[in-house]
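1. sequence below, structure please.
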Amino acid sequence: MRFRPRNHRDENPEVFAQLVKTNPYMARVYDYPELLIPHPTLENFQQLWDSKKENVPASSGRVHLEIGCGSGRYLIEWAQENPKDAFIGLELRYKRLVLAAKKIEQQTISNILLMREHGEFIDEYLPHNSIDCMHINFPDPWSKKSRRKHRILSADFLTKMHPFFCSGGELRFKTDHLEYFETVTDIIQNLETHKIVEYSKDLHQNEYNAKNILTEFEMLFKSKGNPPIGYLKATAQ
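-> Predicted coordinates for the structure are as follows:
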């Protein structure tokens, strides 16, 4: 059964007040109503998403989705470099969402919409043939074998999402967990729906790094000795 977080602010203000004492960012996510949806529904998503796409040329604008956008460094740079494209950033942590929204507002970026939502449920909001590029950077690897079923990238997820990709749509994936990287590589190679077109087990030492946009995690890794990072780009067939 689909689980949706409770909207305590509207449903139970007393509980909400107590929760905010522990995590003030639970209240601050409501400070950016034009670019951040704390409790998405199809209706409120569609309303804001339509406004973001107004400035995107229908003939040339692309739609990007980042699952786990953190505090927005990667997403914002992509949006700034591609002002004719539209971007959706999904994140669950309140503080990261607030930090991302604050940056977007300060830099007056108009082509990004943030949502507090799980990546597994993006199909509830978008129609088929609507994603040009899906970005997944450093997701939780769920290292223990008993927990690997929770990994976002799986054969089931990619199969379910395939109809939502435009023809030739891209999946871009980065991780420092090389076992996870190899597992995802094997999954994609065994699917007829995707084809790997760029691949590296050590991105920062590879030619692809010239166009690489760093995430917050990568900035941290570079300060700690720059461990190898797996990167691949696959296209939907």
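2. buried residues in the helix-or-strand element of the chain with minimal mean pLDDT?
-> Across the helices and strands of the chain, mean confidence by mean pLDDT, DSSP states H and E is lowest for helix 216-223: a mean of 85. For helix 216-223, a neighbour-count test (16 or more other Cβ atoms under 10 Å) marks Glu216, Phe217, Glu218, Phe221 as buried. (Each C-beta comes from the backbone N, C-alpha and C, glycine too.)
3. correct me if wrong: the last one contacts Pro228.
-> No. Counting by Cβ atoms under 8 Å, no contact exists between Phe221 and Pro228, whose distance comes to 9.5 Å.
4. any residues in contact with both of those two?
-> Listed contacts common to Phe221 and Pro228 are Asp176; contacts here mean Cβ atoms under 8 Å, 6 or more residues apart in numbering.
5. what about the strands in the protein?
-> Taking DSSP state E as the test, the strands found in the chain are 36-37, 63-67, 86-90, 112-115, 131-137, 165-175, 194-200, 230-236.
6. other SSEs contacting the fifth one?
-> Where contact means 3 or more Cβ pairs under 8 Å, 6 or more residues apart in numbering; DSSP states H and E, strand 131-137 is packed against strand 63-67, helix 73-81, strand 165-175.
7. what mean pLDDT does stretch 174-186 have?
-> Averaged across stretch 174-186, the pLDDT comes to 97.
8. brain fart, stretch 93-110
-> Taken as a whole, stretch 93-110 has an average pLDDT of 97.
9. CA atoms only: put that stretch into CSV for me.
-> The C-alpha trace of stretch 93-110 is given here as CSV (Å, rounded to 0.1, in the frame of the first residue of the first chain):
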residue,chain,number,x,y,z
ARG,A,93,15.2,15.3,4.0
TYR,A,94,13.7,18.6,5.2
LYS,A,95,17.0,20.5,5.7
ARG,A,96,18.3,19.6,2.3
LEU,A,97,15.1,20.7,0.6
VAL,A,98,15.2,24.0,2.4
LEU,A,99,18.8,24.7,1.5
ALA,A,100,18.1,23.9,-2.1
ALA,A,101,15.0,26.1,-2.2
LYS,A,102,16.9,29.0,-0.6
LYS,A,103,19.7,28.8,-3.2
ILE,A,104,17.2,28.6,-6.1
GLU,A,105,15.3,31.6,-4.8
GLN,A,106,18.4,33.6,-4.2
GLN,A,107,19.7,32.9,-7.7
THR,A,108,16.2,33.6,-9.2
ILE,A,109,16.2,30.3,-11.1
SER,A,110,12.7,29.7,-12.6
